[in-house]
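Chemist: Using only what follows, build the 3D model:
(one chain, ligands or ions: 2)
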Amino acid sequence: MLTKTEIDLIKGTVPILREHGLLLTKHFYQRMFRLNPELKNLFNMGNQKNETQQTALANSVLAYAENIENPGVLLPVLQHIGEKHTSLMITAEQYSIVGENLLASIQEVLGEGASDELIAAWGKAYTILADIMINLEKSIYIEKSSLSGSWSGWRKFVIKKKVQESEEITSFYLYPEDGKDVSLHKPGQYLSIRVFVKELGIFQPRQYSISSAPGNKYYRISVKKEVGQGVAKEDGIISNYLHNSLGEGDIVEATPPAGEFVLNLENKGPVVLISGGIGQTPFMSMLEYLAGESERREVKWIHGCRSANVHAFKNEVSDLNKKFDWLEHIVFYDDCSGSEENVKKGRVELSEVKETILLPDADYYICGPKLFLEKAIKDLAALGVDREHVFFEEFGPQTLNLN
Ligand SMILES: Cc1cc2nc3c(=O)[nH]c(=O)nc-3n(C[C@H](O)[C@H](O)[C@H](O)COP(=O)(O)OP(=O)(O)OC[C@H]3O[C@@H](n4cnc5c(N)ncnc54)[C@H](O)[C@@H]3O)c2cc1C
Ligand code: HEM
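Modeler: Numbers count the residues shown, from 1 in each chain. Ligands and ions are numbered 1, 2, ... in the order given. Down below sits the predicted model:
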């Protein structure tokens with residue numbers, strides 16, 4: 001337990017964390033990778049380059065300091081981090097390395113502003129948080145290992161089928177190399193996969209939502225080829241490697257399904273899916289799952305992308321839309337004539353489809369780029385949707401600040 005003096009010391013750092021948190025976490029990662037270069041195998045070095053991971057860590061350190069008297073309110077956030085950590089096989093021992101580097105970074109960044117008492121208070125606060133997370137992650141590891149077909153660590157999967165779904169999205173059907181079963185994922189969950197990148201001399205993990213329904217002998221992931229847009233933004237390393245260099249018969253490694261952005265099966269009310277671009281992948285799993293259930297739920301899926309050329313699973317979803325009266329699929333294309341059935345021109349505008357999506361008891365799932373998420377969350381709030389019924393997934397470290 002922290003004393004009142006220690007709590008006050010931690011709270012005293014809130015203004016500086018608010019203003020310079022990113023400086024601290026950038027320093028922290030540089031320091032940790034310099035002293036522990038083997039950890040680069042665990043971290044997504046693309047997220048380091050575009051600073052999303054530093055931002056996510058800065059947000060969480062600030063949130064911890066702000067809620068130091070009642071860290072219980074952070075449990076949903078910790079659950080999200082715990083899912084990501086366990087999908088990367090983070091161990092309790094590694095918490096000491098992170099702790100040492102974080103404390104040293106606070107000292108180095110604050111300089112003379114860091115009294116011994118302040119560093120000691122942060123040391124104690126870190127240990128409390130680390131213990132909460134280690135226990136949480138232990139229970140996630142135990143729960144996962146108890147599922148039939150599950151496994152521990154990085155398991156080899158063979159790409160048995162590679163299917164181009166659109167100009168820039170390709171699906172990979174991953175079968176375990178050992179020929180045994182895979183565990184049932186919850187629709188909406190992702191896999192962490194890793195490949196060895198020869199040019200960097202390290203493994204690189206990435207997360208990909210499972211785009212197929214649970215209950216198969218394989219997992220399907222569908223990957224967008226991230227192409228650079230000029231000098232500031234290089235081609236994405238792993239998505240291009242998967243597209244260009246890996247084919248049928250090649251191997252990738254994966255950890256068990258993870259993530260808490262999943263269909264809420266307790267609510268039997270309508271499901272509203274709202275996706276932008278590649279954000280459609282977890283919804284393919286949800287839709288295929290719902291199509292296979294005997295109990296019917298009303299489903300509305302609003303999807304936006306640049307044009308029909310980059311719209312993956314277009315025909316599959318359109319066929320389901322024709323076949324099932326419980327499903328309604330509306331698409332927004334930036335670039336189109338606007339004369340196709342169920343297609344609207346422009347960016348996703350939820351107010352334009354409010355008659356379709358405003359349904360009593362509905363749950364709303366949003367997935368897409370950060371700006372897309374921000375707008376959809378705001379627009380749903382403006383339409384009077386209760387925040388409790390809104391769930392979202394960012395395809396990268398969570399950097400959305402909803403306050
Ligand atoms: C839970 C979750 C689920 C996901 N599901 C999917 C999915 O189903 N399908 C899918 O395709 N992706 C998904 N992603 C995203 C995926 O994990 C990868 O982030 C994505 O494939 C890009 O990886 P990459 O190695 O190709 O790009 P990276 O090399 O990691 O680069 C990432 C981005 O940063 C840009 N960049 C590169 N260099 C710089 C620089 N110097 N400065 C600024 N920016 C730079 C790149 O252009 C690229 O857009 C998911 C992510 C998460 C967290
Ligand atoms: C109290 C300590 C810690 C905190 C507060 C913390 C916080 C975070 C946060 C906020 C994320 C981003 C989650 C997301 O939205 O995707 C994250 C991801 C991650 N964390 Fe931690 N973490 C801690 C300890 C550790 C430890 C001990 C390790 C092991 C070295 C670790 C390794 C990672 C990795 C590899 C990722 C994924 C990074 C990426 O994809 O770019 N973390 N952590």
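
Chemist: taking the mean pLDDT, what do you get for the helix or strand N59 falls within?
Modeler: For N59, the host element (DSSP states H and E) is helix 52-66. Per-residue pLDDT over helix 52-66 has a mean of 96.

Chemist: Likewise for stretch 171-188?
Modeler: 97.

Chemist: Just the buried positions in that stretch, please.
Modeler: Within stretch 171-188, the residues that qualify as buried are 171-176, 182-188, counting by 16 or more other C-beta atoms under 10 Å. Bear in mind the C-beta positions are built from the backbone N, C-alpha and C, glycine included.

Chemist: from the residues you listed, which is closest to L62?
Modeler: Comparing the buried residues of stretch 171-188 against L62 with C-beta to C-beta places G188 closest, at 27.9 Å.

Chemist: Contacts only, for the closest one.
Modeler: Taking C-beta atoms under 8 Å, 6 or more residues apart in numbering as the criterion, G188 is in contact with S209, G259, F261, V262, L263, P282, S285, M286, Y365, E393.

Chemist: show me what contacts the closest residue to ligand 1 within the stretch 51-200 of the chain?
Modeler: Going by C-beta to the nearest ligand atom, ligand 1 is nearest to Y190 of the stretch 51-200 of the chain, at 4.3 Å. Neighbouring residues of Y190 by C-beta under 8 Å, 6+ apart: S87, Q207, Y208, S209, I210, P257, A258, G259, P282.

Chemist: which non-adjacent residue is nearest whichever residue of the stretch 101-250 of the chain sits closest to ligand 2?
Modeler: Nearest residue of the stretch 101-250 of the chain to ligand 2, counting by C-beta to the nearest ligand atom: L129, 4.5 Å away. In this structure, L129 finds its nearest non-sequential neighbour in Y64, 6.0 Å apart by C-beta to C-beta, 6 or more residues apart in numbering.

Chemist: contacting residues around whichever strand or helix holds H329?
Modeler: Element membership for H329 (DSSP H and E) is strand 327-333. If you take C-beta under 8 Å, 6+ apart as the criterion, strand 327-333 is touched by 287, 291, 299-308, 311, 317-318, 320-321, 342-349, 353, 356.

Chemist: Among those, name the buried ones.
Modeler: For the contacts of strand 327-333, buried by 16+ other C-beta under 10 Å: 287, 299-305, 311, 317-318, 320-321, 343-344, 348, 353.

Chemist: near ligand 2 at all, stretch 147-155?
Modeler: No: Stretch 147-155 stays clear of ligand 2 (C-beta under 6 Å from any ligand atom), getting no nearer than 13.6 Å.

Chemist: Can I get that stretch in CSV, CA atoms only?
Modeler: Taking C-alpha atoms only, stretch 147-155 is exported to CSV below (Å, rounded to 0.1, in the frame of the first residue of the first chain):
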residue,chain,number,x,y,z
LEU,A,147,-9.2,-24.7,-23.9
SER,A,148,-9.2,-27.8,-26.1
GLY,A,149,-6.8,-27.4,-29.1
SER,A,150,-4.9,-24.6,-27.4
TRP,A,151,-1.2,-24.4,-27.0
SER,A,152,1.5,-22.4,-25.3
GLY,A,153,4.2,-20.3,-27.0
TRP,A,154,4.8,-19.9,-30.8
ARG,A,155,3.3,-22.8,-32.8
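
Chemist: buried set for it?
Modeler: S150, W151, W154, R155.

Chemist: What residues does the closest residue to the first one other than its chain neighbours make contact with?
Modeler: If the residues on either side of it in the chain are set aside, S150 comes closest to S183, at 4.0 Å by C-beta to C-beta, 6+ apart. Contacts here follow C-beta under 8 Å, 6+ apart; on that basis S183 touches K144, L147, S148, G149, S150, W151, P256, P257.

Chemist: again, but for K124
Modeler: If you count contacts by C-beta under 8 Å, 6+ apart, then K124 has L2, E6 around it.

Chemist: Quick one: the strands in this protein, in order.
Modeler: 155-164, 169-176, 190-197, 202-209, 219-224, 251-254, 271-276, 299-305, 327-333, 343-345, 363-368, 390-394 (DSSP state E).

Chemist: Which residues of the stretch 201-350 of the chain lie near ligand 1?
Modeler: Counting by C-beta under 6 Å from any ligand atom, the residues of the stretch 201-350 of the chain lying close to ligand 1 are 206-209, 222-224, 226, 228, 232-234, 236-240, 259, 278, 281.
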